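# sequence plus the predicted model coming up.
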Amino acid sequence: MRIGITGGIGSGKSYVCHILAQQLGVPCYDCDREAKRLMHASPELRQQLQALVGAEVYDADGQLDKAVMSRYLFADAAHAARVNAIVHPAVKADFLAWAAQQTTDVLMESAILVEAGFRDAVDKLIVVEAPLELRIRRAMQRDGASREQVEARIRQQLPAEELRKQADFIVVNDGRELAAQLRRLRIKD
């Protein structure tokens, strides 16, 4: 079984994944980390990103130049959609290939699982929620970001009510009862 875990910034997706991975004894595919790996390691992705953004998107050492990519992404709202149209299908294909090689159930962690079109790649979806102020505080502490930066990122994500419509399970990560909620999940029922 492929179990997806998603939720808004600061909701605690990574923490929930960590607990579930230990509890279930299964591996977790972190879409953010794997997208970065693929953008560096995949010749096809590199070629497509260079064709889209320009050769300078990779430095002389072959590393993605985050400043160049950021300038491209923020220059026009449509640019992010173009980059995502290249990266998301590659991440999805990589996840499916990885999952097929596993001998156990697997977890997929993605902040934008639904938005990226990965919902059909997982059998069950757990949405992690937390109160807005707690999410903002967590993200500010974790990322060293300002409140305005975190709020801007929140506005770019699907609203909680939209995620709930896609969810098989909802977990509230507000600092209380998380472990008990996770133990009570009946994912295979």
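Cool, got the structure. Here the structure is a predicted model, which means the values were calculated and not measured.

# show me what the longest helix belonging to the chain is in contact with.
In the chain, taking DSSP state H as the definition, the longest helix is helix 77-101. Helix 77-101 is contacted by residues 2, 29, 31, 34-35, 38-39, 42, 44-45, 48-49, 52-53, 69, 72-73, 106, 108, 116-118, 121 when judged by CB atoms under 8 Å, 6 or more residues apart in numbering. Heads up, the C-betas are built off the backbone N, CA and C, glycines and all.

# who does the helix or strand following it touch, helix- and strand-wise?
Heading C-terminal from helix 77-101, the first helix or strand you meet, by DSSP states H and E, is strand 106-109. Under the contact definition 3 or more CB pairs under 8 Å, 6 or more residues apart in numbering; DSSP states H and E, strand 106-109 sits against strand 2-7, helix 13-24, strand 28-30, helix 31-41, helix 77-101.

# show me what secondary structure element comes after strand 106-109.
Past strand 106-109, the next helix or strand by DSSP H and E is strand 124-129.

# and the helix or strand that that next one is followed by, average pLDDT?
Next along the chain after strand 124-129, taking DSSP H and E as the criterion, comes helix 132-143. Across helix 132-143, the average pLDDT comes to 94.

# quick one: furthest residue from the center of this protein?
For the chain, the largest distance from the centre (CA atoms, centre = their mean) belongs to A60, which lies 28.5 Å off.

# quick one: contacts for L134?
Counting by CB under 8 Å, 6+ apart, L134 makes contact with G10, D174, G175.

# just I187 next, same as before
Applying CB under 8 Å, 6+ apart to I187 gives the contacts M1, I3, K124, D168, F169.

# could you look up the SS state of it?
Taken by DSSP: H, G, I helix; E, B strand; the rest coil, the conformation at I187 corresponds to coil.

# related to what we said a few turns ago, going by neighbour count, which of the contacts of I187 comes out on top?
The most crowded member of these, judged by other CB atoms under 10 Å, is I3 (24 neighbours).

# confidence score at that one?
For I3, pLDDT reads 96.

# of the contacts of L134, buried ones?
Among the contacts of L134, those buried by neighbour count (16 or more other CB atoms under 10 Å) are G10.

# out of the contacts of L134, which is nearest to Q149?
When those are ranked by distance to Q149 (CB to CB), G10 comes first, at 12.0 Å.

# any regions of this structure where pLDDT drops low?
Residue ranges of the chain with pLDDT under 70: 188-189.

# which residue is nearest the middle of it?
Centroid-nearest residue in the chain: S110, 2.2 Å away (criterion: CA atoms, centre = their mean).

# and that residue, what does it touch?
G4, I5, T6, C31, D32, A116, F118.

# picking up where we left off before, then the residue farthest from the centre of the chain would be within a strand, right?
No. The assignment for A60 (three-state DSSP) gives coil, which keeps it out of a strand.

# how near is it to V91?
From A60 across to V91, the span is 26 Å (CB to CB, to the nearest Å).
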